[in-house]
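K.L.:
What would the 3D arrangement of this be:
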Amino acid sequence: MPDAMRPTADELAEFERLDAMAPLDAEGMPAWSFEGEPLTARERRWLELYCKLENCGGVVRTRGRRR
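P.N.:
Have a look, this model is predicted:
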């Protein structure tokens with residue numbers, strides 16, 4: 001797989017940091033719509049990194065979060 005498709009060490013660290021946070025917006029409301037789309041930039045980035053990790057075959061541990 002080309003290196004551009006693999007997550008960098010910084011992306012892995014960012015994913016771990018985002019994954020450890022509750023999926024809430026600044027007001028404490030769920031950051032996902034009923035249709036399953038992320039509503040905040042932070043949650044959109046989490047999803048982008050999650051997809052990148054999943055597509056490269058990496059093991060993604062989400063600390064029990066369900067999206």
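K.L.:
So for the chain, the centremost residue is which one?
P.N.:
Trp46 (2.1 Å; CA atoms, centre = their mean).
K.L.:
can you pull the contacts of the residue nearest to that one when sequence neighbours are not counted?
P.N.:
Excluding the flanking residues, the one nearest Trp46 by CB to CB, 6 or more residues apart in numbering is Leu18, at 4.4 Å. Quick note: C-beta positions are derived from backbone N, CA and C, even for glycine. For Leu18, the contacting residues are 42, 45-46, 49, by CB atoms under 8 Å, 6 or more residues apart in numbering.
K.L.:
Select from these the one having the most neighbours.
P.N.:
Most neighbours among the contacts of Leu18, by other CB atoms under 10 Å: Trp46, with 23 neighbours.
K.L.:
from what I can see that residue touches Pro38, true?
P.N.:
Yes - the criterion here is CB atoms under 8 Å, and Trp46 meets it with Pro38 at 7.1 Å.
K.L.:
hmm, who's touching the biggest helix by length in the chain?
P.N.:
For the chain, the helix with the greatest residue count under DSSP state H is helix 41-55. Applying CB under 8 Å, 6+ apart, the contact partners of helix 41-55 are 5, 7, 11-12, 14-15, 18-19, 21, 23, 31-32, 38, 60, 62, 67.
K.L.:
tell me which element the residue nearest to Trp46 is part of?
P.N.:
If you go by DSSP states H and E, Leu18 is part of helix 9-19.
K.L.:
Tell me the gap between that helix and the middle of its chain.
P.N.:
8 Å (CA atoms, centre = their mean, to the nearest Å).
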